[in-house]
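Colleague: Test case, fold it:
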Amino acid sequence: MADALLTIENLTKSFGEKLLFEDISFGINAGQKSALIARNGAGKSTLLDIIMGRTLQDSGRITKREKLHIAYLPQDAVRNFDSTVRAYIYNLKRPEAEEPWVFEQRRDEVVSRMKVDSMLDRQMQTLSGGEQKKVALCRMLLDSCYDAGSADNLLILDEPTNHLDIDMIEWLEDYLARQRLAILMVTHDRYFLDHVCDNIYELADTHLYHYRGGFEYYLEKKAEREANQRAEVEKARSLYRTELEWMRRMPQARGTKAQARIDAFYELEAKAHTRFDEKRPQLTVKTERIGGKILELYNICYNGTSATAPLISDFSYVFKRGEKVGIVGPNGVGKSTLLNIITEQLRPTSGRVVVGQTIKFGFYTQGGMKAAGDHRVIDIVKDVAEQIELDDGRSLSAHQFLSYFGFDSTTQYNYFENLSGGERRRLYLLLVLMANPNFLILDEPTNDLDIYTLQILEQFLQTYRGCLLVVSHDRSFLDHIVDHIFVFEGSGRIKDYHSSYTQYRLERRRVENEERRVESGERKVEYAEKKAKQPEKRKATYKEKKEYEALEQEIAALGAERSELEALLSSGTVADADRLLAMSNRIGEIIALLDEKELRWLELDELV
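Modeller: Numbers count the residues shown, from 1 in each chain. Presented below is the predicted three-dimensional model:
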């Protein structure tokens, strides 16, 4: 492959008796943007560490292009704690091909968009895990990986959207989608994956599978692959029964041909015993009865530590039976504070919280569950309940409930301290769900969960009969689960939007684009009035004339692109929500570019 930046051949890795992957091979080409997905504990982060030389493989070969430059964002992103945030980010070498003012402008944009500008003078060791991840992401985005025009650049990201709010995620996905470089990333964010990546690698059952398309394409082709594998296994099982009878009748003295048949039998036996993930039936846990009064909030205010900017200002809402509400807003704006006020872990500055007598909260916090290192997973669950009652009168054992949420028998008898971060979060979530609450409150439940677990959780919550209040930065998760959303708009304001998150975002983008148009028109009028009062200027240079001609072409091309996108948006022929949002985002970018280029054109027009 002439364009190959990275080639992996016959790679194998195991930890003790656990085989993560065996003889996997794949490559990353220049400009290819790929997602790597797998279950928690399947070896995604290990594979990335092997590529980066942080972990050794058992066997196999990794070949990198001679001038390849890799920028890497691991999950343990920050290792240099002996500096300030400013020194950690700003002490990067500027790419040689990039002008100083362009680099500084890009640096300021990245620092501002990641909301790191307010912590530049803090010491790295004082930052929380989420803050450290954002700082490391800033540094990586400014890495010399972004040499202009270079095809020898590869970006490797391990869960880049964890700890980011939705505005940051949407900016980051637009930023990465525009870059001319190769990307290999692990992510559970399906909208982020679809917007940035053009193909998917799946690590499953120690093998690697390649899908050249987005997430829906992956689901379709994976189902086809598994159907074909099931047919092969059924055929192997039928032949296995015949061969098993032959093995039982075969005398001890065997010739060469017989031995070959025996060897083939053991290969057939392994294939015949292949197990697949069966489609999970819908499961609804029995909830406590809900009375007429559920949860009522009256004029809730909370000032926090700031006397001038309250986190919550005069918020009222009366919850109805069975409704599912999402909460979105920037980090630090007060989302978790509202949950703590509802569950009476915090007292509001003013206002009343009225909880119905029959309400039983199930509260999943970002802090996670207390460590239980000397307990097995199955015992932790049995301490809560031996049997989990279902809404249809049936019950599941602790073992069956764990299996439903993806804990195999080996993991169920593993100790808590040996679980991965994602497995611990999944266990905590399971414990909250099995306590039979009739009002679930989930604070960022999707962090550290793999895509498979997210699909199980979505299916569970879609049939959940109680009330649900969920804070999440996962837009796909919100679109699939909630009926409407509370949006924290800043300065304590919380607004209720009766729509999906994507519909809200499209409307918000439309308003922002309209505001840009008005602002652009006002700036042009202001510029024209200012120019009319100024004395005659010098003549244009040759370089300025060329720039003037180029701007006319660029403005015409951008105008045509905007008209085409606006026609598509208004036609009603585009049904895909992710594509609609991407088109709306692009219109906003075009308006900003046109504003900048038209103002420059006006300046040059006075000289030409």
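Colleague: And the helices in the stretch 101-250 of the chain?
Modeller: 129-141, 166-178, 190-196, 215-249 (DSSP state H, counting those that start in this stretch).
Colleague: C-alpha coordinates for the second one, PDB please?
Modeller: Once side chains and other backbone atoms are set aside, the C-alpha atoms of helix 166-178 remain, and they are given as PDB (Å, rounded to 0.1, in the frame of the first residue of the first chain):
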ATOM      1  CA  ILE A 166     -21.700  18.900  24.300                       C
ATOM      2  CA  ASP A 167     -20.500  22.200  22.900                       C
ATOM      3  CA  MET A 168     -16.900  21.100  23.200                       C
ATOM      4  CA  ILE A 169     -17.600  17.800  21.500                       C
ATOM      5  CA  GLU A 170     -19.400  19.400  18.600                       C
ATOM      6  CA  TRP A 171     -16.600  21.900  18.100                       C
ATOM      7  CA  LEU A 172     -14.000  19.100  18.300                       C
ATOM      8  CA  GLU A 173     -15.700  16.900  15.800                       C
ATOM      9  CA  ASP A 174     -16.000  19.700  13.300                       C
ATOM     10  CA  TYR A 175     -12.300  20.600  13.900                       C
ATOM     11  CA  LEU A 176     -11.100  17.000  13.400                       C
ATOM     12  CA  ALA A 177     -13.400  16.500  10.300                       C
ATOM     13  CA  ARG A 178     -11.700  19.400   8.600                       C
END
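Colleague: For Val608, find the nearest of the helices of the stretch 101-250 of the chain.
Modeller: helix 166-178 (31.0 Å; CB to CB). Quick note: C-beta positions are derived from backbone N, CA and C, even for glycine.
Colleague: Quickly compare the helices of the stretch 101-250 of the chain and say which is most buried.
Modeller: helix 190-196 (a mean of 24; mean count of other CB atoms under 10 Å).
Colleague: what about that one, average pLDDT?
Modeller: The pLDDT scores in helix 190-196 average 91.
Colleague: any chance of the helices of the stretch 101-250 of the chain in a markdown table, plus distance to Val381?
Modeller: Compiled in a markdown table, those are given as follows (distance: least, CB to CB, whole Å):
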| stretch | distance to Val381 |
| --- | --- |
| helix 129-141 | 27 |
| helix 166-178 | 33 |
| helix 190-196 | 29 |
| helix 215-249 | 29 |
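Colleague: And Gly368, its phi and psi?
Modeller: Dihedral angles of Gly368 (phi, psi; degrees, to the nearest 10) stand at phi 80, psi -180.
Colleague: For it, grab the count of nearby residues.
Modeller: By other CB atoms under 10 Å, the residues close to Gly368 number 15.
Colleague: and the gap between it and Glu423?
Modeller: According to CB to CB, to the nearest Å, Gly368 and Glu423 sit 12 Å apart.
Colleague: same thing with Ser409?
Modeller: Distance from Ser409 to Glu423, by CB to CB: 14 Å.
Colleague: next one: Ile388
Modeller: Relative to Glu423, and taking CB to CB, Ile388 is found at 19 Å.
Colleague: now swap in Glu589 and tell me
Modeller: Counting by CB to CB - Glu589 and Glu423 are separated by 40 Å.
Colleague: of these two, who's got more company?
Modeller: Glu423 (23 against 14).
Colleague: In contact with that one, which residues?
Modeller: By CB atoms under 8 Å, 6 or more residues apart in numbering, the contact list for Glu423 reads 40-41, 407, 411.
Colleague: For those, could you give me CSV that also reports secondary structure and pLDDT?
Modeller: Below are the contacts of Glu423 laid out as CSV (DSSP: H, G, I helix; E, B strand; the rest coil; pLDDT from 0 to 100):
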residue, secondary structure, pLDDT
Asn40, coil, 81
Gly41, coil, 79
Phe407, coil, 86
Thr411, helix, 87
